Structures are given as structure tokens and as C-alpha cells.
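Asker: any chance you could fold what I've pasted below:
(chains A and B)
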Protein chains: 2
Amino acid sequence: MTEKVVIIGGGAAGPKTAAKLRRERSDLKIDLYTQEDIISYSACGLPYFIENIIQDADTLILRTPEDFKKQNIDVHIKQKCLKVDTENQTVTVQDLISNNIYEVHYNILVIATGAIPVMPDIPNIDLKNIYTLRTIQDGINIKQKMLSSKKAVLLGGGYISIEVMEALVQNNIQVTLIEKNHQILKMFDEDFSQRIMDYIIGRNPGQVSILTNEEVVAFSGNENGEVEKIITSSGKEIETDFVVLGTGVRPNTDFLINTDIKLGVNQSIKVDKTLKTSKQGVYAVGDCTDNFNLVTNRYTWVPMGSTANKEGRCAAINIAGGNCTFDGILNSTITKYFDLTISIIGISYRDAIQFGFQPEYAIVTKRDKAGYMPNTGTMTLKLIVDKNTHTILGIQGIGDGDVNQRINAVIPAILSKTKLESFMNLDLPYSPPYSPAIDPVLNAAQIIYQKING
Amino acid sequence: MTEKVVIIGGGAAGPKTAAKLRRERSDLKIDLYTQEDIISYSACGLPYFIENIIQDADTLILRTPEDFKKQNIDVHIKQKCLKVDTENQTVTVQDLISNNIYEVHYNILVIATGAIPVMPDIPNIDLKNIYTLRTIQDGINIKQKMLSSKKAVLLGGGYISIEVMEALVQNNIQVTLIEKNHQILKMFDEDFSQRIMDYIIGRNPGQVSILTNEEVVAFSGNENGEVEKIITSSGKEIETDFVVLGTGVRPNTDFLINTDIKLGVNQSIKVDKTLKTSKQGVYAVGDCTDNFNLVTNRYTWVPMGSTANKEGRCAAINIAGGNCTFDGILNSTITKYFDLTISIIGISYRDAIQFGFQPEYAIVTKRDKAGYMPNTGTMTLKLIVDKNTHTILGIQGIGDGDVNQRINAVIPAILSKTKLESFMNLDLPYSPPYSPAIDPVLNAAQIIYQKING
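Answerer: The predicted model follows:
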């Protein structure tokens, strides 16, 4: 009998699993169910669609159900998973068009239901023109509204808000960002968060406001039910044409709460290094799973498109009978605000202390090429090393220079727990158009070495 | 009694040692002797001075003797070291202005005499307008000649010739490069060398010729003693206004041949991981020393400005009483030809076989950002892994995309002998302006994994 693999979820991880599994095994029946009407799209590209760097939303779609059909993968759109029964190996599905409910049998189940926006508990949050940004339709709605607007409010100071802010500023919108914590981008140390905020404010003075330590206590609307005003905890009233909620996401796992599939951090699905859940024959991949942090050696939940792709590929290899392990993550993130690259890998100095490390750090501001070359950019790097083990715990980097080049040189060193003493003499290639003779990231390592060795 | 540290050589490593040593120890007397009249300059920047990206040659000078004087370091220019006597701890020096010869006593000696061009044994090589490119004066001479010339010949197909070729092409010179081997850039595999050659020829068809398997058998000059023509081994006669010799360099160590300081590969100075030579109290740093290759575990000789800086710093720490080790190099190099980044780290597939590894490789050609983003560049990467140990042996990368970002992610993985299985799931940060969801370098690793695991 042909084994049947059922995949739930059509974002990044589910389609990746399906495609890779088909390449590995032509004999399996593969069915993918998704509640959306579009599959296999890049949600990370949505801010650039809003900005109009990308004109056509369809460009973000990597593969259509028809593409999958050619690979003998059956994609069922607008079919929502309601329940999983691991005893009888069935999934209960609702057809969102007819509302019919039916059961699907599986031999292998892959859960890839991703994450969904957290809706803050604020009065009148259901007013019109208050958006989340997760699906392509969200992106289309925001872009359309933006084109006839003058003012917007962003809630939450995470990466998505920074990316949407760039899009809005570029389209001449007056933007106010409201963050309840005392800093935006809370994974960064406070000093770096401040530098980033200074850049954002300084780039478009008067057009952008960032309010920290501030909460929205209510939205207020007009007679058409459209949001018109935000009332904040300090009593500010801010007029706006629309609102984008960047108040975080959570794993899309509510349908698993009363099952025997074990959940972990933030109700994400607990998986081992082979992407198996606690139940035989059930895998989970992508934004709905937990993640092992290789710096802190603790489970965490960091939904990332790159991790989703790797996990999908790895699970497919294992389902096919191979042997792939996904050891964990380093909390690696990068984004940009216009010319400013913003990146953090590993953990911040503050978090290092909190996790019981004895961190030392160095901050360097350097040009990215030999000083005498034209068109050099600059960067500020903050490298963090554990004084006990002399291993690297993290790096934060910002600047208009080639930050990512330096960040990447640190990542495998964190993974392999390379000692500071080896890292500072790492043979990074040198040529004036690419680097100063001593690379900035090695310079940071040398400074920490001096601090530790006195 | 004040200890006296004598440093011979004024390129990169000597001045670096002096400056770092002064920061570590204010009590030492530090004297630096150099046969040149300029110290502490970036020889690597000379092609960009010729190209006129850098207008003023002085820009390449990092520090002057006067700058060093302020740090209480005495720099003695135009003083050539003739002999080292490790028994009596003296250096014999010739004043190149007065021709006086005198002895200098040292407690600690640092040899940093660098490398000098190899002059090929070709008739009439002493004709006018045949240049080497090592000093600032060389750069000034070539640039001046170029400005009144139409045709040039470059001898040797190494990095310097590629960089000088860009400079000359940009200045409308008709360029012929002559390489005696069957490929240019011989550290690369033949396929990559061919791709690079195709790019160079294709970018300026008709303006650039590259002749491989070709040797110069004689130069021929006019009545003023200026080079006019090149005669090659296949009988070609090539008219030229000037010639730049890129036929390699050798360690500047002839003055040590009859001393008890042990020499290694290519007559480079044998040093241990603390930069000590075979004689107590004598250190050596920079282009004149041998290098330990951490991939092949063999001694080699690869003169690089970045290594010189690291070695100088490390030796200074050790002389000051600290504890710094320089473990070795990975043969990391990078350059560019106009928009094409050219880089190799570790060893090629060909060399891997020669050194007894069992290599597997993957070649990927990918965009450097998410495919839907504007202004993406492309790159071709060749990743090489040892099938026995599953460790990475090297990477070659070319392209107008962000090659260096990917190269850097491989370097610490080579150093730490990270397994392919870990590397292919490395948490490189993802955002559409910086990378596809699966980074090209991880994609290459995944392909090798498939090849190895069938």
C-alpha cells in the first residue's frame, strides 16, 4: 500500500518539505492542506512589496498549487485543520468554502502551520484599517490604504515595524511607532537599540516619531468604523489613517492543545533534532516548532523563514529514510532601515549576564574597506565573549558598511565554540576594496583579548 | 639597563610590531631600520593608485617616521641590513646615503624584511620601462608611464597582474597578459580560472589579450634603451610601451643565508607559533616568514598583508612578556576585477587530491539576495569537502554578488573542522535584501551532502 504523507500548512516549511520529499521519494502520496488560498510565498518580502520596491505581489509566490501538481503533490487550499487524532492517524479538516468537515488519514503527518499575529487586548482593535502583516492579502491591503493616507501608527518595535516604517517613510507617510518597552528591538543591548533609534529619527526628522515606554490604551474610530485616533497610556492622542500591528506572533497550534502532541515554549511544538514530535509518525517544521538555542543550550521559540526551510528539508530527508539532524539555532537575524544594516547573532551582553555567563565585550566603529579607498562604509560592531570559556556569545552590528560580511565570520565560530585567541588571528582574506588590513571584527576580538589579559 | 629591540624592515609587519610593542611597554628602546625611505605603507593599495581611484600616493602611507618619533620609536630610513650576528647580538647596517657601514647591538631582534620581486632570467630585462610593483616609487613610475602609453604587457597571471590589468584597462591601455602555465591564477581550479578569464576577456573584447602556455624569451629595446617589443616562446612579437612584471616574489632573506637562523620553505624564515625563529631573542614577522597551512598541516609560504599585521601584533605581545600564538593560515585571498569579486580560501579540488584528501565538491550559481529583490548580484561558489572527515577543505567564489559574505561564513568552519552536516544547517541570518532563504553557501553544502549520502 502506498504510504500517505499529509502536510498541514502552506507557508515556507510545508511546501519545502513536500518538494524535497518528492525529490527523495517518488513512491509516496503527498497531500498538503492549507487554510490560505496561496501557498509557498515569502512573507519576509511583504514590507518591500508595500514599499513598492516590488511592484507585483505575485512575485513573492515561489510555487503555485499547479506547480506542485506537476510534481505529483496535491495541494488543497482553503482547507483548515481543526483536529489531529494520533491514535487513529487522522486529521479533521474543514473546507472553508463549503464549510464541510471531513477526515483525512495519514501514515506520516507533518505539521507546518506556522505562526499567527498576537492581537493585543485593546478596546476597538476590530476597527477598520488596523492591520496585521502576515499574508499576501495583508500586504495588498496595507499598500492600498497607504497610497491614500498621510499618517500611520506602528505598534511594537520589532523587525517588522522597522521594515514597514521604511516602506511608509519612503512613501511619504508620517509615522509614529509605539513601543511599550523602554527600547525598540529588545533583543539588542540598550546602547545599540539607542543607536538604531537615533539613526531612524535622524534620517527623517519630523517625519518619524518613536515613543517608548508607551502603550496604546484604546483606538477610536469614526462613523464608518475606521480607526481615527490612538489614545496612549501617557494620555497622548495620536491621529492616524491606519495602524499596523507589529506586536508579535505566536505559534499556530491552538488545534493541538487537547492532543497528545507535546507542546513547548510559547505553545510551540516540541521537536527533537530530527524534527519528530512526541508522537510516532508526526513531524513538525517551521514557525510552529520550538528551537534549541546553541548559545544558551535552552529551548526557545524564534520563528524564522530560513530555519523553516532548513527544517522542512531536514524532515523530508528523515521521512524518506535518511538521517538529517537540525542541531539548533543561534538567534541570527538581520534587517535594514534604508542604508543601515541591523543584525544580531547569539545573545546580547544583557542576556549573557542573565543566562549566567561572565561576558566581556568590545565595541568598534570602523570603515569596511581600506581607509584610502573611495566609497567606504562604516560599521559599529559589539562582540561579546565569555570570560570563563573564551568563546564568543554574540555579535551586534549596525552600519551602512558591509556588516553582514563580518557577522557571517562570527557565526560558525559561535557554533564551534572557537576560542577568542584563535578567532582574533582568523585568516579572513584581505584586499583594500574589501577590508582594512585588520578586519573590524578581528579588531573587536583583539580588544576583548586585551581586556581579558590586562 | 634598558632593553633594546631592533626591528629590521619598514613595510607592514615591522611598523606594526613597533607600534604595538610601544603600547605594551613604555620602558623598551625601539629602533626600526629600513632600506626604503618610506615606511608603513599599504603596498596592496598600489594598483588602485595606478588606476587613479586613489589620486595621491601619500594616502597609502599610514604613519611617517615623525609619527613614530612621537611614540618614542626611532625609525632609521635608507639603512640596509647586511648581516645578523646572533652570537654577539649585532646587526650590520649600511647607510645607503653615505655608504658607511656600522654595527647595531640588540637584545631582541625582529626581522620583518618582507618579500622582493623575482626577476625572471630573460635577456634585456634591464631595459627601461620594465617595472616591478612593490614600493610606492614603483607605483608612481608605472602610473606616470601609463599616462603617456597605449600598450602594455603584464608578465604572470597572479593577483597583482589582475589588479594592474584593471588599472590599465580603466585608463584605456591595450593590455596583453602572458602566463607560462596553462591557466592564470593557479591557486584556483582550472574551471574557475577559465570563468575568470572569460569574464576578463568578455568585459573588454579587443582591448585585453591573455596568452597562456606562453613564455617571454626576450625583450627588445629601442635606441634609448626602452622596451619596445616582447618575443614569446611561440614566436609571437608583441609591441609594447611598457611591461609590468608580476612574476612573483620571494622572501627578502639573502642576508640570512650564512647565519644560524633557520630558513624554511622558499628561504622564508622558520618561525614557531609565537613568531620566534630558531635563535633565542630573534623573532620574524610578515612576508619574510614561513606559514603553517591549517588545511594541509604543512608549512608553506604565502606573503599577505593581513598576516603580516597579525604576526607583528602577536610578536609584540610576546616580546612584551605576554602569550600570543599565531596558529597558521588558510590561504585566504580575495581580489576583484572591476565588478567581479575573486576569492579562494583553503585549497582547490586539484590540490586536495594532490594532498591526499578524498574531496567532493559542489558548484552553485545563485543570486545573492531573494530573487524578487531588485539589484541582485550573482555568484558562483565551489565548495570542497573531504569525504573521509566531512570537513570543509576550501571554497572558491566569483561573481558580481556578495561573494565575500559567503566566503567569510566558511572560514571559521574550515578552521574549526566543522562537519558538513552541521555546516549545511548553519544559522546564517536571512532577510530578502541580504540573502535568499537558503543561503547559496549552505545550498552548496546541501548538494555535497546529497552527493556523499547518495
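Asker: could you list the domains of chain A?
Answerer: Per automatic domain parsing, the domain ranges recorded for chain A read A:4-41+A:62-116+A:250-319, A:130-247, A:339-452.
Asker: could you dump those domains into a markdown table and include distance to B:Asn309 and mean neighbour count?
Answerer: All C-beta spots, glycine's among them, are computed from the backbone N, C-alpha and C. Converted to a markdown table, the domains of chain A look like this (distance: least, Cβ to Cβ, whole Å; neighbours: other Cβ atoms under 10 Å in any protein chain shown):
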| stretch | distance to B:Asn309 | mean neighbour count |
| --- | --- | --- |
| domain A:4-41+A:62-116+A:250-319 | 30 | 20 |
| domain A:130-247 | 28 | 18 |
| domain A:339-452 | 5 | 22 |
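Asker: turn the ones you listed into a markdown table, including distance to B:Ile317 and mean pLDDT.
Answerer: Shown next, in a markdown table, are these (distance: least, Cβ to Cβ, whole Å; pLDDT from 0 to 100):
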| stretch | distance to B:Ile317 | mean pLDDT |
| --- | --- | --- |
| domain A:4-41+A:62-116+A:250-319 | 28 | 97 |
| domain A:130-247 | 29 | 97 |
| domain A:339-452 | 9 | 97 |
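Asker: tabulate the ones you listed (CSV), appending distance to B:Thr289.
Answerer: Shown next, in CSV, are these (distance: least, Cβ to Cβ, whole Å):
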stretch, distance to B:Thr289
domain A:4-41+A:62-116+A:250-319, 36
domain A:130-247, 39
domain A:339-452, 14
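Asker: what are the pairing partners of the strand or helix carrying A:Val175, and which direction each?
Answerer: Taking DSSP states H and E as the criterion, A:Val175 maps to strand A:174-178. As defined by DSSP bridges, the strand partners of strand A:174-178 come to strand A:151-155 (parallel), strand A:208-211 (parallel).
Asker: can you pull out the helices in the stretch 101-250 of chain A?
Answerer: A:136-146, A:159-170, A:190-203 (DSSP state H, counting those that start in this stretch).
Asker: touching the last one from outside, list them.
Answerer: Outside helix A:190-203, the residues within contact range by Cβ atoms under 8 Å, 6 or more residues apart in numbering or on different chains are A:162, A:165, A:169, A:182-186, A:188, A:208-210, A:337-338, A:340, A:342, A:344, A:348, A:350, A:363, A:380, A:382, A:396, A:398.
Asker: quick one: name the residues of the stretch 201-350 of chain A near chain B.
Answerer: A:294, A:304-310, A:313-314, A:322-336, A:341, A:343, A:345 (Cβ under 8 Å from any Cβ of the partner chain).
Asker: quick check: phi and psi on the closest residue to chain B within the stretch 1-150 of chain A?
Answerer: At 4.3 Å from chain B, A:Thr59 is the closest residue in the stretch 1-150 of chain A, using Cβ to the nearest Cβ. With angles defined as degrees, to the nearest 10, A:Thr59 sits at phi -60, psi -30.
Asker: try A:Pro303
Answerer: Dihedral angles of A:Pro303 (phi, psi; degrees, to the nearest 10) stand at phi -70, psi 120.
Asker: pick out the residue nearest the middle of chain A.
Answerer: The C-alpha lying nearest the average C-alpha coordinate of chain A belongs to A:Met304 (Cα atoms, centre = their mean; 3.9 Å).
Asker: wouldn't A:Lys446 be in contact with A:Met424 here?
Answerer: That one is not Lys; residue A:446 is Gln. Yes: using Cβ atoms under 8 Å, A:Gln446 and A:Met424 qualify as a contacting pair, with a distance of 5.1 Å.
Asker: start and end of stretch A:269-284, how far apart?
Answerer: Using Cα to Cα, to the nearest Å, one end of stretch A:269-284 lies 7 Å from the other.
Asker: what residues does the stretch 1-150 of chain A have near chain B?
Answerer: So the stretch 1-150 of chain A meets chain B at A:12, A:42, A:44-45, A:48, A:53-54, A:59-60 (Cβ under 8 Å from any Cβ).
Asker: which of those tops the neighbour count?
Answerer: The member of the residues of the stretch 1-150 of chain A next to chain B that has the most neighbours, counting by other Cβ atoms under 10 Å in any protein chain shown, is A:Ala12 with 29 neighbours.
Asker: who touches A:Asp327 in this structure?
Answerer: Shown in contact with A:Asp327 (Cβ under 8 Å, 6+ apart): A:273, A:292, A:294, B:422, B:425.
Asker: how near is A:Tyr349 to chain B?
Answerer: 19 Å (Cβ to the nearest Cβ, to the nearest Å).
Asker: that older thread, and the contacts of helix A:190-203, which of them are in strands?
Answerer: Per DSSP state E, strands hold the following members of the contacts of helix A:190-203: A:208-210, A:337, A:340, A:342, A:344, A:363, A:380, A:382, A:396, A:398.
Asker: check the offset of the host helix or strand of A:Pro412 from the chain's centre.
Answerer: Assigned by DSSP H and E, A:Pro412 belongs to helix A:403-415. Centre-to-centre, helix A:403-415 and its host chain are 18 Å apart (Cα atoms, centre = their mean, to the nearest Å).
Asker: swap in stretch A:154-167?
Answerer: So, by Cα atoms, centre = their mean, the centroid of stretch A:154-167 is 13 Å from its chain's centroid.
Asker: name the nearest residue to the residue nearest to the centre of chain A, sequence neighbours excluded.
Answerer: B:Tyr430 (6.5 Å; Cβ to Cβ, 6 or more residues apart in numbering or on different chains).
Asker: returning to that earlier point: the residue of the stretch 1-150 of chain A closest to chain B contacts B:Tyr372, correct?
Answerer: Yes: assessed by Cβ under 8 Å, A:Thr59 is found in contact with B:Tyr372 at 4.3 Å.
Asker: any shared contact partners between those two?
Answerer: What both A:Thr59 and B:Tyr372 touch, as defined by Cβ under 8 Å, 6+ apart, is the set A:Gly45.
Asker: the strands in the stretch 201-350 of chain A, which residues?
Answerer: Counting by DSSP state E, counting those that start in this stretch, the stretch 201-350 of chain A has these strands, from start to end: A:208-211, A:216-221, A:227-232, A:237-239, A:242-245, A:249-251, A:282-284, A:291-293, A:298-300, A:333-337, A:340-346.
Asker: tell me what angle the third one forms with strand A:151-155.
Answerer: If I follow you right, that is strand A:227-232. 50 degrees (axes from the mean of the first three to the mean of the last three Cα atoms, to 10 degrees).
Asker: again with the last one
Answerer: With the same axes, to 10 degrees as the basis, strand A:340-346 and strand A:151-155 are set at 10 degrees to each other.
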